[in-house]
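Q: I would like the atomic coordinates for the input below:
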Amino acid sequence: MTRPARLVLLATVALTLGLLVAATATGRAALGPMAVWVVHHDTTADGSEVRLRPGWGLVVLWVVAASTVVLVSRRHDV
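A: Sure thing, here's the model as predicted:
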């Protein structure tokens, strides 16, 4: 794997973790209109519970990153 491809993966992981922290702190994380993390707040007799699940924005983010890694890795001038 080339260095630019590794940088794309590293940036994607950092963005994913940043959005995870934002979703945990604010209750919402989105890139434009696409929800990256969907936050569910449940209140039970024992207290409240927050559950995160991946949204379509996270899938789109990783598909774009994977496509970019493949395209960058196939370039011979990098």
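Q: can you give me the helices for the protein?
A: Per DSSP state H, the chain carries helices over the ranges 3-26, 56-74.
Q: For residue 59, give its distance to residue 2.
A: Using Cβ to Cβ, to the nearest Å, residue 59 is found at 25 Å from residue 2. C-beta coordinates here come from the backbone N, C-alpha and C atoms, glycine included.
Q: Any chance of the helices of the chain in TSV with mean pLDDT, distance to residue 34 and mean neighbour count as columns?
A: Converted to TSV, these look like this (pLDDT from 0 to 100; distance: least, Cβ to Cβ, whole Å; neighbours: other Cβ atoms under 10 Å):
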stretch	mean pLDDT	distance to residue 34	mean neighbour count
helix 3-26	90	11	14
helix 56-74	92	3	14
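Q: could you dump these to a markdown table with distance to residue 48?
A: Converted to a markdown table, those look like this (distance: least, Cβ to Cβ, whole Å):
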| stretch | distance to residue 48 |
| --- | --- |
| helix 3-26 | 13 |
| helix 56-74 | 24 |
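Q: Please name whichever of those is nearest to residue 47.
A: helix 3-26 (16.4 Å; Cβ to Cβ).
Q: what about the spatially closest residue to residue 22 that is not a sequence neighbour, how many neighbours?
A: Among residues not flanking residue 22 along the chain, residue 29 sits closest, at 4.6 Å (Cβ to Cβ, 6 or more residues apart in numbering). Burial of residue 29 is recorded as 23 neighbouring residues (other Cβ atoms under 10 Å).
Q: Now do residue 29, the pLDDT please.
A: Residue 29 is assigned 81 on the pLDDT scale.
Q: now it: how far from residue 36?
A: 5 Å.
Q: Now do the shared contacts for these two.
A: Shared contacts of residue 29 and residue 36, defined by Cβ atoms under 8 Å, 6 or more residues apart in numbering, are found at 19, 23.
Q: Wait, residue 60 touches residue 34, no?
A: Yes. Counting by Cβ atoms under 8 Å, residue 60 touches residue 34, with 6.0 Å between them.
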